[in-house]
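**Q** Sequence first, predicted coordinates after that:
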Amino acid sequence: MNRKRPAILTVCTLIAVLTFAGCYRPVSYPELADTDVYPTIVRAARYHVVGTSVEGRPIMCLVLGQGSDVALIMATIHGNEPAGTPLVRRLATHLRQHPEILDGRKVVLLRLANPDGLAHKSRYNTRGVDLNRNFEAANRLNSKQSGLTALSEPESRAIRQVIVQYRPDRIVTIHQPLACIDYDGPAQELAEHMGQYCALPVKKLGARPGSLGSYAGVTLGIPIITFEMLGSDSQLDSEVLWQKYGRALIAAILYPDPVQ
């Protein structure tokens, strides 16, 4: 009996249902391909919808590994900062090719947190809210731009659900264009560890009101990195991005162990 088919059929059925309902626009998930080449890691991979955007696009989460040490890596909470999405996709491919990295670990990948913003090349979601100011942090400020209430937006609620469900030991959220490794909460050592594996300097920018850094790092006490790449990185393909930043992301997964 082929045990690979049920998981793949489940994903395909879900996509078919969402497409029929008019709330899904087909996208490619190459991390699910080549199941015969990497059967162990693909069987352990779990793709699921954690929410939908204002315009009905699915927010997808890929979970790799089954260990107790959990790292959440996410990208494009600001839709006009797109370079993190192909980088996270390339990370998924690397983990599929090197499953030994996942020994004792679980990696949760949320490669596109603001699909409407990406579609419209906008920092904000469709309702004009900055999702990275919409969390229930102690320092949040209610406004039209940050949301009239905390977690008013479906996209930020989906991110919060991932944090609640998987309880990550550390979080990396990929941004542009400030070219530094920022951190919130008890994450200075993690930031310095990642800084050994890329050219970005470690720089403490400060917790912004209602940001994910404020919520996860300060309110919840989870070490969180805001990985600020260059604005020009949007022009690079995934392989070049991987050469620049891939080892830093692996360092976040392996922390506190070194990258070989």
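**A** Ah, there it is. Numbers count the residues shown, from 1 in each chain.
**Q** now the nearest residue to residue 166 once chain neighbours are set aside: how far from residue 148?
**A** Distances taken as C-beta to C-beta, 6 or more residues apart in numbering place residue 108 nearest to residue 166, at 5.0 Å, with adjacent residues excluded. (Glycine included, C-beta is placed from N, CA and C.) As for residue 108, its distance to residue 148 is 29 Å (criterion: C-beta to C-beta, to the nearest Å).
**Q** In terms of neighbours, single out the busier of the two.
**A** More neighbours surround residue 108 than the other of residue 108 and residue 148, with 22 against 10 (other C-beta atoms under 10 Å).
**Q** what ranges do the strands span in this structure?
**A** In the chain, the strands defined using DSSP state E lie at 46-52, 58-64, 69-75, 105-110, 170-175, 178-184, 224-230.
**Q** Now the residue nearest to residue 113 when sequence neighbours are not counted: phi and psi?
**A** Nearest in space to residue 113, with sequence neighbours left out and distances taken as C-beta to C-beta, 6+ apart, is residue 77 at 4.3 Å. Dihedral pair for residue 77: phi -70, psi -20, per degrees, to the nearest 10.
**Q** ok, now which ones touch residue 79?
**A** 114, 115, 116, 117, 118, 119, 120, 121, 122, 123, 124, 125 (C-beta atoms under 8 Å, 6 or more residues apart in numbering).
**Q** Go through the residues you listed and say which is closest to residue 216.
**A** Nearest to residue 216 among the contacts of residue 79: residue 114, at 16.8 Å, using C-beta to C-beta.
**Q** show me what contacts the residue nearest to residue 166?
**A** Listed by C-beta under 8 Å, 6+ apart, the contact set of residue 108 reads 61, 62, 63, 64, 70, 71, 72, 73, 162, 166, 168.
**Q** Can you lay out those as CSV showing distance to residue 200?
**A** What follows is the contacts of residue 108, written out as CSV (distance: C-beta to C-beta, whole Å):
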residue, distance to residue 200
61, 26
62, 25
63, 27
64, 24
70, 24
71, 18
72, 19
73, 15
162, 25
166, 26
168, 21
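**Q** Point to the residue nearest the middle of this structure.
**A** Residue closest to the average C-alpha location in the chain (C-alpha atoms, centre = their mean): residue 74, at 1.1 Å.
**Q** so how far is residue 66 from residue 105?
**A** Counting by C-beta to C-beta - residue 105 and residue 66 are separated by 9 Å.
**Q** can you check residue 124 too?
**A** As judged by C-beta to C-beta, residue 124 and residue 66 stand 36 Å apart.
**Q** Compare the two (neighbour count), which wins?
**A** Ranked by neighbour count (other C-beta under 10 Å), residue 124 and residue 66 place residue 124 first, with 20 against 11.
**Q** For the nearest residue to that one once chain neighbours are set aside, grab the count of nearby residues.
**A** Excluding its sequence neighbours, the residue lying closest to residue 124 (C-beta to C-beta, 6+ apart) is residue 130, at 5.5 Å. Taking other C-beta under 10 Å as the criterion, the count of residues near residue 130 is 22.
**Q** Quick check: the gap between residue 130 and residue 144.
**A** On the measure of C-beta to C-beta, residue 130 and residue 144 end up 10 Å apart.
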